[in-house]
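**Q** When you get a sec, could you give me coordinates for this:
(chains A and B)
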Amino acid sequence: MLHSLWLAATGLRRSPRRTLLTVGALANAVCGALLFYGFTRHTYWGLAELFARGGGGHVQLADMRWFDAPAPEDYRTELSRLELVRSQLLADPEIAPLVKAAGIRRQLTGMITTGTSSGVFLGVGTEPENEAELAPLLVPDDGWSLAELDGEQDVVLGVVLAARLGVQPGDIVTALVTTDSGLTNAMDLEVAGVITTGSIERDRTWASMPLDTALSLVDSTQADLLVVALHDTADTERAQAALRRLVGESSRVQPSPWFERASYYTAVRALYDRIFGIFELLMVLVVVLSLSQAVAAVVAERRQEIALLRVMGLTRRAVVGLFVAEGALLGLIGCGVGVVLAWVVGFIVQQAGGIPMPPPPGFTEGYAAWFVFDALGYAIVLPATLLATVVASAVPAWRASRGALSRSLAGLGILLALGLSARQAMADPLADATALMAGADAQRAVPTDQLCQVDLIIEDVVNSVSWRLLLQGEHTLAVTTSPPPGKRQAVLRQGSQTWFQTEAMGRALRVGLGQPVQARVAMAELLAPRLLETWAPTTMHQSDGLHTVGVVAIAGGPAAYASAELDFGPTGLLVQARFHGKSGALVRVARWTWEGETMTTMEISDPRRFGGSTQIRSSTPRCEPGVWVASQDDFLAVAMELAESR
Amino acid sequence: MYKLEAVSRIWQLDAYAVPALVEVSACFAPGENIAVVGPSGSGKSTLLQVAALLDPPSAGAVWWEDQELSALDDDARSRFRCRKLGFVHQTYPMVGTLTPLENAMLPALWAGVPRRDARSRALELLSRVGVVALADRDVRTLSGGERQRVAIARALVNQPIVVFADEPTAALDSATGDRVLDLLFELGCEEGAALVVASHDPAVAGRAQRLIRLDGGRRLEDT
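**A** Here you go, the predicted model:
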């Protein structure tokens, strides 16, 4: 375990680019998930506050039948009873500290008229002295608010109702209602203010007036409910339990929390839950998939390392443990960076005044959205990210460590001795694609004993340079073999001109005499032309004596093209390959000629780019130790020029 | 004594069964060095693979003393490889994020050797193969010859009973290859390990005490 952690930490520290890329992907995912979660929390919080601070309170006390009855007017409570409960709760040592304000409400309906125009109103009688605390969000557009009503016969109207009646503060309207005893009553009221409640429906019918006025209008001593506002919405359930204890189980007057009464909140939240839920699910899928891909790609790049570790004697569990340790470390760092990023973005948004949002459905006012980061968000996002990272590390590592080590080690130079044997099998025209490719790998293997080698030192970096004499027209080419794939270098020399290129540039070596470029040669193909490590066969068919195998590039492999068709002759020799780009366009055609089983020429043509063809003839000078049989001076001159120019 | 008893290995290529090794028997004694030679496709590498427990034989058995290694499960074979076998590969693979010293220490650490002991053993071996000065370098900057020396140190760090080397000089120039072979034979003998080298190189055959010649997956001679 300790060795795994050490190896993982060392690997991360010494591969800063790979580590940064993976941590970056993780941090982005964590940051995005936290911000999205924070946005939804803020939206829910805003909706809840809108109800609780918009006059509904956090807890409502009323006859339990009143809450859900079709005709709630049958279940009103005596004003004196509600006043008694209010005085008790404000004196209760457990409840009182939680309570910001408590006010009694009486609802009434009727018609309101100016004599020339009229409308239906849904009114509420309130206690003005408590309204500043109970409904701080209800701020009048014009005139005075509920809290500022000073006359007994004042009324605050919804903005749409006021417009319909054509009244403004100071005007007189007449309210017509049916009293509790069934008689009709009317009263002149002075419009004290006009208010936008935020809800279009409420703005059409809203009329609020002092409680005494309302009771007088309906000629009653009964009220509907006692509304309790708390200092903190999070105390709602605690306050509800304490109030239940206060009033007793047997009492008809019982507390009900805001979330049971806020039908609008419940409906909107149900809708948002579904919408956000789908988004969250999609986002989690995208995050998990992209993370898995990023981490799995890193693991896939290290298949040879995994094979080496297995050969050294690590069990599969140990190999997986190593990658899990690495994934966990990456996950922890990524989570940490992601959280900080989310905080920074949240802070910036907060400083900018939030994200302006349009009004929610049924509302007239938009709002500024922020991000709420709470423990639940961290508890969901961080473990999910860690789990995804660990699983994304473990699964490909487990798969890469599975199977015959011989195959994993093919790239390490152990094996495969399949070449000749497979080629013998290919005498059968029904031979399969894998066997054909294995045979071709053996035929086209680089004759390593025909490479000449010197150490080329460039800026203290030692490159083991193999001088492989390839003739491309009149060109000669040297390629390095010691740096890892992707960093190998090539030198091209002709006459007095020299070209230098690293393989990392598109994983391909561009060989040419200035402009235009004459040919494009994938260095990986020159150095390790192994079909089975480069391509995965997908189709195979036979015609005109040729076996044609359709192949696609193995992800993360050395292939310079997206797909290809390989033509094998009757004896299994590779005679032609047609390479295609991502768009499917034919990019390059390579043809090989053979004398017996010896390749004599390789001809490359690039119909799309160059229009012509270039021939590469394989030459096989033997090198004796320390003696260059060809172009030694040229090469050393190239090396000197290279060192000086860099 | 490390023994192969009539081992065969058949590669299954979809519908084709390709016999890569056919009933080959051999034994490797401590301190002995053996060259496995033969043309391409003769089964040299397969022999090393099966003998080194990298692949189970299709038939036959691999023994060490009284223990049938080829009957062990994958975990047990891995542990045995770690503690008792060493490997030198053609392309001198390394864990690229570790220094030469750390690469050489790695098998010892996994075998449970205390870190300090693993470090001193690895340093001693790096010194004997002549690359101790490079112990803390980035392994990716080493030349092929230097990397192969580190690979030899790594193969010997757990004092293995057998060291398998598959074409250890194939990717090196002749002079470097000669030096690597010198070290391999010399250190293998000093450490008391059996050294089994598969190679095309006639120089390897000339140095070995024993020669196993293969062709078509069959043993032609063992001299």
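**Q** what comes into contact with the helix or strand containing residue A:577?
**A** Secondary structure from DSSP states H and E places residue A:577 in strand A:574-580. Outside strand A:574-580, the residues that touch it by Cβ atoms under 8 Å, 6 or more residues apart in numbering or on different chains are A:440, A:443-444, A:531, A:546, A:560-569, A:586-594. C-beta: built from backbone N, CA, C; applies to glycine.
**Q** Return the members of these classed as buried.
**A** The neighbour count (16 or more other Cβ atoms under 10 Å in any protein chain shown) marks A:440, A:443-444, A:531, A:560-561, A:563-568, A:587-592 as buried among the contacts of strand A:574-580.
**Q** quick revisit: between the helix or strand just after the strand holding residue A:577 and strand A:574-580, how many degrees?
**A** Downstream of strand A:574-580, the first helix or strand assigned by DSSP H and E is strand A:586-595. With axes from the mean of the first three to the mean of the last three Cα atoms, to 10 degrees as the basis, strand A:586-595 and strand A:574-580 are set at 170 degrees to each other.
**Q** Partner strands of strand A:586-595, with direction?
**A** Paired neighbours of strand A:586-595 in the sheet (DSSP bridges): strand A:574-580 (antiparallel), strand A:598-605 (antiparallel).
**Q** can you dump the C-alpha coordinates of it into PDB?
**A** C-alpha atoms of strand A:586-595 as PDB (Å, rounded to 0.1, in the frame of the first residue of the first chain):
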ATOM      1  CA  LEU A 586      -7.900   8.900 -49.000                       C
ATOM      2  CA  VAL A 587      -4.800  10.500 -47.700                       C
ATOM      3  CA  ARG A 588      -2.000   8.200 -48.600                       C
ATOM      4  CA  VAL A 589      -1.300   5.000 -50.500                       C
ATOM      5  CA  ALA A 590       1.700   2.800 -49.700                       C
ATOM      6  CA  ARG A 591       2.900  -0.100 -51.900                       C
ATOM      7  CA  TRP A 592       5.500  -2.700 -51.100                       C
ATOM      8  CA  THR A 593       7.300  -4.900 -53.600                       C
ATOM      9  CA  TRP A 594       8.900  -8.200 -52.600                       C
ATOM     10  CA  GLU A 595      11.400 -10.600 -53.900                       C
END
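**Q** pLDDT on it, on average?
**A** For strand A:586-595, mean pLDDT rounds to 74.
**Q** again, but for stretch B:169-181
**A** 72.
**Q** Lowest average confidence across the strands paired with strand A:586-595, which one?
**A** strand A:598-605 (a mean of 61).
**Q** and the residue most central in space within chain B, what is it in contact with?
**A** By Cα atoms, centre = their mean, chain B has its centre lying nearest to residue B:164, at 1.8 Å. For residue B:164, the contact set (Cβ under 8 Å, 6+ apart) comprises B:48, B:51, B:52, B:85, B:86, B:87, B:88, B:196, B:198.
**Q** Tell me the secondary structure at it.
**A** Of the three states, residue B:164 takes strand under DSSP: H, G, I helix; E, B strand; the rest coil.
**Q** contacting residues for residue 115?
**A** In the absence of a named chain, this looks at chain A. Per Cβ under 8 Å, 6+ apart, neighbours of residue A:115: residue A:174.
**Q** actually chain B
**A** Here residue B:115 is in contact with B:105, B:109 (criterion: Cβ under 8 Å, 6+ apart).
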